[in-house]
Every structure is written in structure tokens, then in C-alpha cells.
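Colleague: My questions are about this predicted structure, shown below with the sequence.
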Amino acid sequence: MQRTLVKDALQASGPMDSILLQGWVRTRRDAKAFSFIELNDGSCLKGLQIIVDATLPDYAHVAQASTGASVAVQGRLVASQGGGQKWEVVAAQFTVLGEADATYPLQKKGHTLEFLREIAHLRPRSNLFGAVFRVRSRLAYAVHQFFQERGFCYVHTPIVTASDAEGAGDMFRVTTLDLANPPKTEQGEIDHSKDFFGKKTFLTVSGQLEAEIFATALSNVYTFGPTFRAENSHTSRHASEFWMIEPEVAFCDLAGDMDLAESFVKYLIRDAQQHCAADLEFFAKFVDKELAARLNFVLERPFQRCSYTEAVEILARSGKTWEHPVAWGDNLQSEHERYLTEEHFKCPVTVYNYPRAIKAFYMRVTDGCAPDRQTVGAMDLLVPGIGEIIGGSQREERLEHLRAGMALHHLEEKNYWWYLDLRRYGTVPHSGFGLGFERMLMFVTGVANIRDVIPFARTPGTAEF
């Protein structure tokens, strides 16, 4: 007999004479004449009640069906006699497939998030993390749906790279050299020409530069894959390995880039509301009671737009004492971003035209700006509760301006010869952005720590599982 998922059984239009369910025991309650078992298979938040009559030949197996055990049940789907559920299953056959002994850590009680991170191999079976990873799966699908519906081409950019898209230097090295006895040059330095790729290579921090190659050929492209940062950061918003969505659009300016970012965020929220309603209801009840109102608020209003210069002036006039005082030319910190979204504008805000010196070399210099306040066409989309969720820019399409930007950031042109070629051969205005997938999940679910929206978190000192 073909297996039926719990979510499909719960949505059945009528009773069924024969049904096969397979899953894990959440709870078991024994009475004299029968046992009640709540069965969940991960397909949805709710479980399905199984009634096993004591007269059943298989009833002896019920004693082995403790919390966490895997079981197979064949029986009849009937209208439930209890409240709060439409259907239940009266077992005709009951089999324990895999026992779980008394050491099984997910018992029917509250568990801290810190404890659950220590058992990342079991935490997807909990209500919270089952819901988180169902939403993650659905939103990953929605990412592709959004771009495919708009004629974008999906591009796989390399994980191993020799270029640093950010110019930051916080990258993980990739090498096959014997670290205890590496080959040396005549000058006594490590000879990277003897390494696997014949040069220094790293795990990528972004697929943007490679996406620009394809945007100048296919017009509208996007990447969606893992990226890496070797930053020794221990905040709730940073991870060493995370997933990024990076569209790149030819013939697009900064205003068009901001429009695309706003449409994208709203699309993902709507999709989650439509397809993950039960899980979002769970988050709103147990994780963040303001979640539903905040998501609706974001959908119902246009995002505010504010230049970096205006943002600094707003922060200066706020009368607040900042942990990190802000002045023109400084990076905005999380406390500044949250003030703009949560207290001043009270909605998502796109801050644009940042100082050239604090942004990447590839961002387009703003036309007509003063020499002492030179800005670039960068934009950051900030959302309440999280801060920055998207960072993007109009790219510098003018060869000489790009070369000047590389010199400003002390980058060697020979390492980016191919990137410069894009400006020599049919250059076009183009723009793009990066959305951190985990931060989007934090916003949609209300879960406050990035470690809890990625299956196996990679943070400084942590590479378990």
C-alpha cells in the first residue's frame, strides 16, 4: 500500500477504509482498552491521532512505541470523536520500525534553543525546527519562482574562487599544500604555484562578479548558493557559512535595483503567508507575538527611501546616546539601522548613496557629488527587528572610474583583468543586490538567532555535524 503523509490525511475530504501512515511518535497515552498515539512525519506541524485497540494482535508492540520511536500504522481514517481534530486513524496493523530508548532527548517539555543547537541531528523533529525548515524549503522554492517568472536565468557561480568580491580579505583559504612542510620560493615564502589551482584560492564571499559576466550576456540573471565569511563574529546575525540570493540586471540603475529588492521581499512574505500559514501561526503564538502584524505592515506600505546623508542627520537629531556615535563617513551600525526602521520611519527603509570610501570598489560613483563628500550608488534595505537584509548597488560601468575605485581600495588590476574586460567590450549600466537568505528567514519566522534558521550552523569555533 502507498504511504499517505500526515498533512494529506488531515486534509482528506472524507473517511478512508484503508490508509498507511509512517512517522515518529510524539506522545503516547495508554488506557485500559486502548492507547492513543500522536504520530508526526514532518510533513506539517500537527500530528495525527492513532487509536490502537488492546484487542489488536499487534498491541504488544505499543509498549515499544515511546516518544521518538518510528512506527508504521495501517488502518481506517475516521471522523475524530475528540475536539480539535477532524480525523483520526483506527489501527488495524501497528509496527514499531525503530525504537527510541529513555535517553531520547526530545521529551514532552520545553527545551532551550542552546540545548537544541547541541543536538542539531535531532532538533528538526521538534515543533519549532520542523516549522523553521519547512518555511526554509518553501522560501527557497519561492526565490526561484520569483526570478523565473520575471525571465531571469539561474547561474551557478563558483564556490572556490581566486577573487575577493568585497575587498575585505575575511576569506577561508582553500589549499592542498602540506601545512607542516609547504613548498617555498627562493625568497623563503610559501610557493602558491605548487598548490592545487596554482595560486591562492578561497571559499567565495559572493557570486556577484561572476554574475555580472552573465548579466552582460543574458541580461537578467541570479545566483542562489552558499557563501562564506571568515569573520570572528559571535552576534546573533552572523554566520561563517550562509546562503545568498544575488540578482544582477543589465540596463538597470539604482532606482530599478531598489524597486526589484522591494518587490522581492514582499513576494517572499506573501508566499510564506500563503503556503506556510500553520507554521507562521505557530511562530506568532510561541516565538514572536508581533510577527503577523509586522509582516502585514511590511506588505501594506511602500518602503521608505532615505539617502545616507539624510539618515546620518536623522540619527544626529534623535537625541539618543549611541554606543557607536555616527558621523558622515562612518558605517551605520545595527543600533542605527534598527532606530531608523523601528522608531523613526516605523517601516522598512532603503538607505542609498553611501560614502565611497566605506563601500566596495565596483560601486558606481554618484554623478555631481561634492569632492569632499563623494558617494556611490549603493543601497541597503533595512527591516525592523533585523537591520540590513539586502545590500546592493549600481555597478560602475565606466572603465576609468572602475580603475580608480580599484586603486582607492588597493586592488591589483591584474587580478581582475576579466572584470575590466566587461567594461572594455560592450559595457552597460547594470545593478544588483545580495539578500542573505537566513536573515530573510529570521524576519519571516521571528526567530532571533541566525543559528536557528540554518540546518547546521557554522560559526567561530563551531563546525559540528
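Modeller: Structure received. Everything quoted here is computed from the prediction, not taken from an experiment. Numbering: from 1, shown residues only.
Colleague: Break down the stretch 201-350 of the chain into its helices, ranges please.
Modeller: Per DSSP state H, counting those that start in this stretch, the stretch 201-350 of the chain carries helices over the ranges 208-218, 254-275, 277-286, 291-300, 308-317, 334-338.
Colleague: between these, which gets nearest to residue 42?
Modeller: Among those, helix 277-286 comes nearest to residue 42, with 11.8 Å by Cβ to Cβ. The way it works is simple: take the backbone N, C-alpha and C, and place the C-beta from them, glycine included.
Colleague: which one of the helices of the stretch 201-350 of the chain has the most crowded surroundings?
Modeller: Comparing the helices of the stretch 201-350 of the chain by mean neighbour count (mean count of other Cβ atoms under 10 Å), helix 208-218 ranks first with a mean of 21.
Colleague: who touches that one?
Modeller: Outside helix 208-218, the residues that touch it by Cβ atoms under 8 Å, 6 or more residues apart in numbering are 153, 155, 157-158, 161, 163, 165, 221-223, 246-250, 362, 395, 418-419, 422, 426-428, 430, 432, 434.
Colleague: try stretch 17-35
Modeller: Applying Cβ under 8 Å, 6+ apart, the external contacts of stretch 17-35 come out as 1-4, 6, 9, 36-42, 47-48, 50-54, 59, 62, 65-77, 89, 97, 100, 108, 125.
Colleague: which of those count as buried?
Modeller: For the contacts of stretch 17-35, a burial check counting by 16 or more other Cβ atoms under 10 Å picks out 4, 6, 9, 37-41, 47-48, 50-52, 62, 65-75, 77, 89, 100, 125.
Colleague: Which of the helices or strands spans residue 89?
Modeller: Element membership of residue 89, judged by DSSP states H and E, is strand 87-98.
Colleague: hang on, the earlier thing: and the contacts of helix 208-218, which of them are buried?
Modeller: Here, 16+ other Cβ under 10 Å leaves 155, 157, 161, 163, 165, 221-223, 246-250, 362, 395, 419, 422, 427, 430, 432, 434 buried among these.
Colleague: In strands, which of those residues fall?
Modeller: Using DSSP state E, the subset of those located in strands is 161, 221, 222, 223, 246, 247, 248, 249, 250, 430, 432, 434.
Colleague: for the protein, which spans come out with low pLDDT?
Modeller: Applying pLDDT under 70 to the chain flags residues 164-169.
Colleague: Using the three-state scheme, assign the residue in it sticking out farthest from the centre.
Modeller: Distance from the centre of the chain peaks at residue 55, with 49.5 Å (Cα atoms, centre = their mean). Following DSSP: H, G, I helix; E, B strand; the rest coil, residue 55 is assigned to coil.
Colleague: and the gap between it and residue 215?
Modeller: Using Cβ to Cβ, to the nearest Å, residue 55 is found at 69 Å from residue 215.
Colleague: Likewise for residue 221?
Modeller: Relative to residue 215, residue 221 is positioned 5 Å away (Cβ to Cβ).
Colleague: just residue 329 next, same as before
Modeller: Distance, residue 329 to residue 215, using Cβ to Cβ: 31 Å.
Colleague: what does residue 225 give?
Modeller: On the measure of Cβ to Cβ, residue 225 and residue 215 end up 16 Å apart.
Colleague: can you check residue 104 too?
Modeller: Residue 104 sits 51 Å away from residue 215, going by Cβ to Cβ.
Colleague: go on, residue 140?
Modeller: Distance, residue 140 to residue 215, using Cβ to Cβ: 22 Å.
Colleague: Residue 120 too?
Modeller: Where residue 215 is concerned, residue 120 sits at a distance of 37 Å (Cβ to Cβ).
Colleague: again, but for residue 110
Modeller: Here residue 110 is placed at a distance of 49 Å from residue 215 (Cβ to Cβ).
Colleague: Residue 315 too?
Modeller: Note on residue 315: its distance to residue 215, by Cβ to Cβ, is 35 Å.
Colleague: and what of residue 21?
Modeller: Computed as Cβ to Cβ, the residue 21 to residue 215 distance reads 48 Å.
Colleague: Equivalent analysis for residue 44, please.
Modeller: Per Cβ to Cβ, residue 44 is found 39 Å from residue 215.
Colleague: Wait, residue 195 touches residue 177, no?
Modeller: Yes: the criterion here is Cβ atoms under 8 Å, and residue 195 meets it with residue 177 at 5.4 Å.
Colleague: Give me the more crowded residue out of those two.
Modeller: Comparing residue 195 with residue 177 by other Cβ atoms under 10 Å, the one with more neighbours is residue 195, at 18 against 15.
Colleague: gap between residue 129 and residue 26?
Modeller: According to Cβ to Cβ, residue 129 and residue 26 sit 14 Å apart.
Colleague: and what of residue 286?
Modeller: Using Cβ to Cβ, we find residue 286 at a distance of 16 Å from residue 26.
Colleague: cool, and residue 336?
Modeller: 44 Å.
Colleague: on that earlier part again, what's in contact with the strand holding residue 89?
Modeller: Contact with strand 87-98 is made by 9-10, 12, 15, 19, 21-22, 39, 48-53, 56, 58-59, 61-62, 64-65, 69-82, as judged by Cβ under 8 Å, 6+ apart.
Colleague: From those residues, which land in strands?
Modeller: Per DSSP E, strands hold the following members of the contacts of strand 87-98: 19, 21-22, 39, 48-53, 70-79.
Colleague: For residue 151, which non-adjacent residue is spatially closest?
Modeller: The shortest distance from residue 151 to any non-neighbouring residue, by Cβ to Cβ, 6 or more residues apart in numbering, is to residue 220 (5.9 Å).
Colleague: What residues are bridge-paired with that neighbour?
Modeller: Beta-bridge partners recorded for residue 220 (DSSP bridges): residue 249.
Colleague: What is the burial count for it?
Modeller: Close neighbours of residue 220, defined as other Cβ under 10 Å, add up to 20.
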